[in-house]
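Visitor: Curious how this folds, go ahead:
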Amino acid sequence: MLLADAARVSERVRTILQKATVAAGGLTDPGWASALSEWNSAVAGFVGTLERSSFYDRVRTGGAMPLPPKARIIVNTIIGLGSITAESSPKNVTALNLENVGPPGLIKAACICVLSEDLIRFTGAADFLGGELKKGIGIATDEESFAVLTNGITPINSSGNFLADLQALLALVETSATSRLYLAVTPEILKQIAALPDSSGGIAYPTLSAVSGGNVAGVEIAATDGLDSGEMALIDSSGVGASSDTITLNGAKDASLQMDSAPDGTATNLRSLWQTNCRGVLAQRFFTAARLRDSAVSWMQNAAYSVGS
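Guide: Numbering: from 1, shown residues only. Just a heads-up that it's a prediction; the model follows:
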C-alpha cells in the first residue's frame, strides 16, 4: 500500500490489509515461528483438576508404583513369605521371582482448541474451554493407558449378570493385603449397574452413583470414555506403574493450524489464527503406564445389564 493511500484508510482497514500480506506458516517452521509465535504458559484454576479427570489418574494416585520414564524396572511377581522359627532352629529361605519389566516409554497426550477472540471475551468462555480440554486430555490418556495395561491379556466375555462378571474378573486378578482394586466401565454400563434392582425391587447398589460411581464389594467403580462399548477392566493398582509430568496449558494467536480433528498426517489447508482473529489453546501432558505383573489386570467384553441380570 502506498503511503498516500495509507493515510486515507481507517485503522481497521489497514490492519486487515496487513494481515492479508502475511504468508502461511506454522510452529514447526523455526524460521517463521520464531518471529511470530507467542506461546505463553498460563496457570489456570482448572489445570489441577485435569489430573482428576481420567481413570488413569485415579489409579496413578491410588496405589500405583511411581514409574519414571526410561528407568529399568525390576519387579517381584510372587509374594515373599516369612516364617516363625524357634530359638536355635534353621531359618527358611524366601523365594522371589524377579522380572525385568523394561524401561517404560514416555507417552504424550495433547488437546488443542481454537476459539475466536470475540468468543473468548464472553463471560464463562474460560470454563467452557477448560471443560473441553479436560475431556480431551482425559480421553486420550485413558485410551492409551488401557491399551498399554491390557496388551497381551485375553478378554473374557460377559455372562450378562453383573455380580457373576465381577466375580469372574476378580478371580483373574491376584491380590494381597496391599491391593487396591479399580473397575473401569463405560458411562452406559455404569448407569445400568447403578439402576439394577435387588430381589425386593429396591436399588441393588444404593451407594453407587450413575455418574460418579462408587464402591461395590471393596472395588472402586468409575466411568471412563477411554473404553469401547461393552468393555470393563479390573485393575489392581499395586501391580501397575504410572507417573505423570505437570500438565501444561499454552496459548498462541500467531500460529497456523489445519482445522481437522483427524488429519492424515500431511498439513494442508492451513488457517492463520492471526488472520482469522482466533486463538489456539493447547493442553499437554507426558505420562507413563506399565503393567508390572500380568495378574494385576483383567478385562471383559460385551457387557450389558438390565432388570433381571
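Visitor: From now on I want contacts and neighbour counts done on CA atoms only, so please keep to that.
Guide: Will do.
Visitor: Am I right that residue 118 is in a strand?
Guide: No. Per DSSP: H, G, I helix; E, B strand; the rest coil, residue 118 lies outside any strand segment and is helix.
Visitor: Longest strand in the chain, by number of residues?
Guide: Secondary structure of the chain per DSSP state E: the longest strand is strand 278-291.
Visitor: so what strands line up beside it?
Guide: strand 107-116 (antiparallel), strand 240-244 (antiparallel), strand 248-252 (antiparallel) (DSSP bridges).
Visitor: who touches the longest one?
Guide: So that's strand 107-116. With contact meaning Cα atoms under 8 Å, 6 or more residues apart in numbering, strand 107-116 is reached by 129, 132-133, 136-137, 140-141, 276-288.
Visitor: Extract the CA atoms of that strand and return them as PDB.
Guide: Provided in PDB are the C-alpha atoms of strand 107-116 (Å, rounded to 0.1, in the frame of the first residue of the first chain):
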ATOM      1  CA  ILE A 107       3.600 -41.000  26.300                       C
ATOM      2  CA  LYS A 108       2.300 -37.600  25.300                       C
ATOM      3  CA  ALA A 109      -1.400 -36.600  25.300                       C
ATOM      4  CA  ALA A 110      -2.400 -33.300  23.800                       C
ATOM      5  CA  CYS A 111      -5.600 -31.400  23.100                       C
ATOM      6  CA  ILE A 112      -5.900 -28.200  21.100                       C
ATOM      7  CA  CYS A 113      -9.000 -26.000  20.900                       C
ATOM      8  CA  VAL A 114      -9.400 -22.900  18.700                       C
ATOM      9  CA  LEU A 115     -11.800 -20.100  19.700                       C
ATOM     10  CA  SER A 116     -12.400 -16.700  18.200                       C
END
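Visitor: What are the buried residues along that strand?
Guide: By neighbour count on 16 or more other Cα atoms under 10 Å, the buried set for strand 107-116 is 108, 109, 110, 111, 112, 113, 114.
Visitor: want to try JSON lines for the residues you listed, with distance to residue 221 as columns?
Guide: Compiled in JSON lines, the buried residues of strand 107-116 are given as follows (distance: Cα to Cα, whole Å):
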{"residue": "108", "distance to residue 221": "26"}
{"residue": "109", "distance to residue 221": "24"}
{"residue": "110", "distance to residue 221": "26"}
{"residue": "111", "distance to residue 221": "26"}
{"residue": "112", "distance to residue 221": "30"}
{"residue": "113", "distance to residue 221": "30"}
{"residue": "114", "distance to residue 221": "34"}
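Visitor: sorry, back to before: now which of the contacts of strand 107-116 would you call buried?
Guide: For the contacts of strand 107-116, buried by 16+ other Cα under 10 Å: 129, 133, 136-137, 140-141, 278-288.
Visitor: returning to that earlier point: which stretch among the strands paired with strand 278-291 comes nearest residue 262?
Guide: strand 107-116 (12.3 Å; Cα to Cα).
Visitor: about what we covered before: what mean pLDDT would you report for the longest strand of the chain?
Guide: The average pLDDT within strand 278-291 is 90.
Visitor: and the helix ranked longest in the chain, what does it pack onto?
Guide: Criterion DSSP state H: the longest helix present in the chain is helix 125-150. Helices and strands touching helix 125-150, by 3 or more Cα pairs under 8 Å, 6 or more residues apart in numbering; DSSP states H and E, are helix 47-50, helix 55-60, strand 107-116, strand 278-291, strand 297-301.
Visitor: Number of residues surrounding the residue nearest to residue 212 when sequence neighbours are not counted?
Guide: In space, and not counting its chain neighbours, residue 212 is closest to residue 222: 6.4 Å by Cα to Cα, 6 or more residues apart in numbering. Look at residue 222: counted by other Cα atoms under 10 Å, it has 24 neighbours.
Visitor: Below-threshold pLDDT in the protein: ranges please.
Guide: 1-52, 72-79, 98-103, 123-124, 308-309 (pLDDT under 70).
Visitor: Let me see the contact set for the most centrally placed residue in it.
Guide: The chain has residue 141 as the residue nearest its centroid, 2.4 Å off, counting by Cα atoms, centre = their mean. Listed by Cα under 8 Å, 6+ apart, the contact partners of residue 141 are 54, 56, 109, 226.
Visitor: As JSON lines, these with distance to residue 298 would be great.
Guide: Shown next, in JSON lines, are the contacts of residue 141 (distance: Cα to Cα, whole Å):
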{"residue": "54", "distance to residue 298": "19"}
{"residue": "56", "distance to residue 298": "15"}
{"residue": "109", "distance to residue 298": "24"}
{"residue": "226", "distance to residue 298": "16"}
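Visitor: circling back: distance to residue 94 for the strands paired with strand 278-291 - can I get that in JSON lines?
Guide: Conversion of the strands paired with strand 278-291 to JSON lines gives the following (distance: least, Cα to Cα, whole Å):
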{"stretch": "strand 107-116", "distance to residue 94": "37"}
{"stretch": "strand 240-244", "distance to residue 94": "23"}
{"stretch": "strand 248-252", "distance to residue 94": "46"}
